[in-house]
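Q: pasting the structure only:
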């Protein structure tokens, strides 16, 4: 496999589509990620959240994400009252942290939900809605961020862990049009805890597992912003080193590595402005495949 293709379309017209083509990076981790994508395709798992195109067009605006987050909260509370409140303002980070902590507490890490008595005797939509609340919290947090497209397969079990040398490939710098692995554990990673001022979280879960899930970013980070984020993460680790040690992560543990792994680079003759002009006319992730 040398290439990846992300096919975008209109949600009401799949015949109108646009392909973003990527050339895979030649490193040891890209092959492991390819294996996970092929596993998802072989099992015929659908792409989850085919709407997950952030800050690219007007479809996923603040009203869309707040409306859907509150709808999901209402649907969950109708089955089992877990929240009892709604989000009114995208900038209310404390309330977003609180909503995430409730999800985190009741869903559990990765596949813990399979043994959780909370879900016994309840419709499958209850767990699905609770899980989707987590995604809409992150959608709210991304509403004023950089343009990106997330490709995720929630049905694919998260059973594969990073190895020591994988962490050497992590970077905080994002390059326009590059494809990166996506954090797939349940909880808050170091990056989120360092920037969200979250006083409601239940546990720290650093970068432990990987999956087929990935993100395309349409931005170029400057060195000052990269250094600032790295400093924030390092300061958090140093300030909370006893807390992290109590959780099983001592200073120097490779699992505390922050950032993401670059998987592929956009392969196009279009300029950055032309790429953004093309993709803004689409609002649906139709397919993702490897060749």
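A: Received it, and whenever you're ready, just let me know what you need. Fair warning: this is a prediction, and the values are worked out from it, not measured in the lab.

Q: now stretch 51-64: mean pLDDT?
A: Here stretch 51-64 scores 87 as its mean pLDDT.

Q: Next secondary structure after the biggest strand by length in the chain?
A: Across the chain, the longest stretch assigned as strand under DSSP state E is strand 13-24. The C-terminal neighbour of strand 13-24 among helices and strands, as given by DSSP states H and E, is helix 28-42.

Q: Okay, and the residue lying farthest from the centre of the chain sits in which element?
A: Of all residues in the chain, residue 121 sits farthest from the chain's C-alpha centroid, using Cα atoms, centre = their mean; the distance is 29.4 Å. Secondary structure from DSSP H and E places residue 121 outside every helix and strand.

Q: Check residue 232 too.
A: Using DSSP H and E, the element containing residue 232 is helix 223-239.

Q: Give the buried residues for the helix or strand following that helix.
A: Using DSSP H and E, the helix or strand that follows helix 223-239 towards the C-terminus is helix 241-246. For helix 241-246, burial by neighbour count (16 or more other Cβ atoms under 10 Å) applies to residue 244. In this view, the C-beta of every residue, glycine as well, is placed from N, C-alpha and C.

Q: which residues are contacting helix 241-246?
A: 204, 237, 250-251, 256 (Cβ atoms under 8 Å, 6 or more residues apart in numbering).

Q: One more pass at 7 Å, please.
A: 204, 237, 251, 256 (Cβ atoms under 7 Å, 6 or more residues apart in numbering).

Q: measure residue 60 to residue 182 for me?
A: According to Cβ to Cβ, to the nearest Å, residue 60 and residue 182 sit 17 Å apart.

Q: quick one: low-confidence ranges for the stretch 151-291 of the chain?
A: 198-202 (pLDDT under 70).

Q: Which parts of it are strands?
A: 160-161, 170-171, 179-181, 209-210, 214-217, 260-266, 284-290 (DSSP state E, counting those that start in this stretch).

Q: Please identify which of the ones you listed is closest to residue 34.
A: For these, the distance to residue 34 is smallest for strand 284-290, at 6.2 Å, taking Cβ to Cβ.

Q: nearest spatial neighbour of residue 150, skipping sequence neighbours?
A: residue 52 (4.1 Å; Cβ to Cβ, 6 or more residues apart in numbering).

Q: before we move on, back to that, let me know the closest of the contacts of helix 241-246 to residue 30.
A: residue 256 (22.9 Å).

Q: Quick check: the gap between residue 167 and residue 69.
A: Counting by Cβ to Cβ, the gap from residue 167 to residue 69 is 33 Å.

Q: can you check residue 234 too?
A: For residue 234, the distance to residue 69 - Cβ to Cβ - is 32 Å.

Q: now residue 132
A: With Cβ to Cβ as the criterion, residue 132 and residue 69 are 9 Å apart.

Q: now swap in residue 62 and tell me
A: Where residue 69 is concerned, residue 62 sits at a distance of 11 Å (Cβ to Cβ).
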